[in-house]
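Asks: sequence first, then the predicted structure, then my questions.
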Amino acid sequence: MNPLWSALARELEPYVPGEQPRIAGLIKLNTNESPLPPSPRVAEAIAAACADLRLYPDPEATKLRQALADYHGVALEQTFVGNGSDEVLAHAFVALLKRDGPLLVPDVTYSFYPVWARLYGVACEIVPLDEAMRVRVAEYRRPAGAIILANPNAPTGIALPRAEIEALLADHPDIPVVVDEAYVDFGGETAVPLIAAYPNLLVVRTMSKSRALAGLRVGYALGDAGLIEALRRVKDSFNSYPLGRPAQAGAIASLADEAYFQASRATIIGARETMANGLRRLGFEVLPSAANFVFARHSDRDGAALAAALRDRGVLARHFRGPRVALWLRVSVGSEANIARLLEAAAAALRGE
C-alpha cells in the first residue's frame, strides 16, 4: 500500500463490479444489463441534447424530476435524481442511514451496502435470510437506527409483497426505511404507493435495468419531501451537477414511451422464464425471480468452478464469494440467442466436454 493513503483508504474493501469483457465473442450475462435497446426516442433526445454542450445542465434536473413525479403520481418535491442509483444510495447512507442505532441489512443482498457502511462509518446489524433465501420481515422487529432492503432482493431475485413492506414501516415509524427497487419492474410490487402514508419511506429506483439506460447512469429516489431535502443537501455538498444534459434528455424520452417500456418488460419476463426452465431441465435449482436475472445452483458443481467452466465456453455469469452464496450463480436474462448459448455451455460444462 502507498504510504500516502489515508487510514480509511487502507481499510476499505471496495465493491467489485462484474467483469467487463475485453475478449471478443463472450456472452455477457453477469451485470444485469438489458438484452434489448432503449426506446428509439432516447437516441433522438440525446442527439438533440448534444447540440450545445457548452452549458452546464440544470443542477436540479427539474424537467426530469417533474416527468418522474407525473409518472409515479408524486409531487416534484418528493423526487431526487443522481448519477445512477448507486450514487443516490450512497447519498442516502450519509443523509439518512448514519444514525445512533444500527442499520439493519440482510446477510445476502446487494454487496455495495457494506462497502458504503464502511466508507461512511455506519454501524450495521446483519439479519439472516431464511433457509429459502427469503427476507423475514418478522426478524426486523427489533431496535434499529435505520433499515435498507433491496426488493426484489439481489442476488436472489426474490420479492416481498407490498403488504410486508408496509408492515415493516408500521413497525418502525420513527426510523428511515430505504427500499431499493432496482429490479421491481420485472415482477415485483412497488412500495411507491406507501409514500403518502409513511414519511419515513425512501424508494430508490434505476433506469439502467428495465429502461436499458445503463450507459446513461440515471437513478432516482421518491419519498417524503423531508427525506428528499436531506439527499439534496448531501448532493449539493458533493456534486451539484450529477446528471449531464444527454442523460436528463434520454431519461425523459424513455418515460414518455410507455408502450415500448411495457413491451420490453414483457419480453424480458418471458425470456427469464424460458431461461429458468432451461436451467431446471439441466438439474439446476433456480430460485423464484422477480428480477431480470436468476439465482441458480447445481448440486454437482461448485459455483466458482461452474462460472469458470461457463467462461471457458464463452459465457459470463456472476459468482459471489461467501458462505451462503458460494454454490450459486447469478445469471442475467439475455436475448433468445444468448440464452441458447448459455444452456448449451452449461450442458457441456456439466458433461465435462
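Replies: Looks like it came in fine. Residues are numbered from 1 along each chain as shown.

Asks: when you work out contacts or count neighbours from here on, use the C-alpha atoms and nothing else.
Replies: Will do.

Asks: just to be sure, Ile147 is in a strand?
Replies: Yes - assessed by DSSP: H, G, I helix; E, B strand; the rest coil, Ile147 belongs to a strand.

Asks: so what's it bridging to?
Replies: Ile147 forms beta bridges with Leu104, Val177, as assigned by DSSP bridges.

Asks: helices of the protein, start to end?
Replies: Along the chain, counting by DSSP state H, helices occupy 7-11, 40-49, 62-72, 84-92, 112-120, 162-171, 225-235, 245-256, 258-281, 303-312, 336-351.

Asks: average model confidence for the fifth one?
Replies: Average pLDDT, helix 112-120: 95.

Asks: same thing with the second one?
Replies: Helix 40-49 shows an average pLDDT of 97 in the prediction.

Asks: before we move on, back to that, adding mean neighbour count, write the helices of the chain out as a markdown table.
Replies: As requested, these are exported to a markdown table (neighbours: other Cα atoms under 10 Å):
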| stretch | mean neighbour count |
| --- | --- |
| helix 7-11 | 11 |
| helix 40-49 | 16 |
| helix 62-72 | 18 |
| helix 84-92 | 23 |
| helix 112-120 | 18 |
| helix 162-171 | 16 |
| helix 225-235 | 19 |
| helix 245-256 | 22 |
| helix 258-281 | 17 |
| helix 303-312 | 19 |
| helix 336-351 | 17 |
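
Asks: could you dump those into CSV and include distance to Gly188?
Replies: CSV is the format used below for those (distance: least, Cα to Cα, whole Å):
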stretch, distance to Gly188
helix 7-11, 36
helix 40-49, 25
helix 62-72, 15
helix 84-92, 17
helix 112-120, 21
helix 162-171, 9
helix 225-235, 24
helix 245-256, 19
helix 258-281, 11
helix 303-312, 27
helix 336-351, 23
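
Asks: rank those helices by pLDDT, which is bottom?
Replies: helix 7-11 (a mean of 90).

Asks: on that earlier part again, out of the helices of the chain, which is closest to Leu29?
Replies: Taking Cα to Cα, helix 336-351 is the member of the helices of the chain nearest to Leu29, at 8.4 Å.

Asks: and that closest one, what does it pack onto?
Replies: The contact analysis (3 or more Cα pairs under 8 Å, 6 or more residues apart in numbering; DSSP states H and E) places helix 336-351 against helix 258-281, helix 303-312, strand 315-316.

Asks: contacts only, for Ala49.
Replies: 245-246, 249 (Cα atoms under 8 Å, 6 or more residues apart in numbering).

Asks: can you pull the pLDDT of Ile126?
Replies: For Ile126, pLDDT reads 97.

Asks: no wait, Asp257
Replies: On the pLDDT scale, Asp257 is placed at 98.
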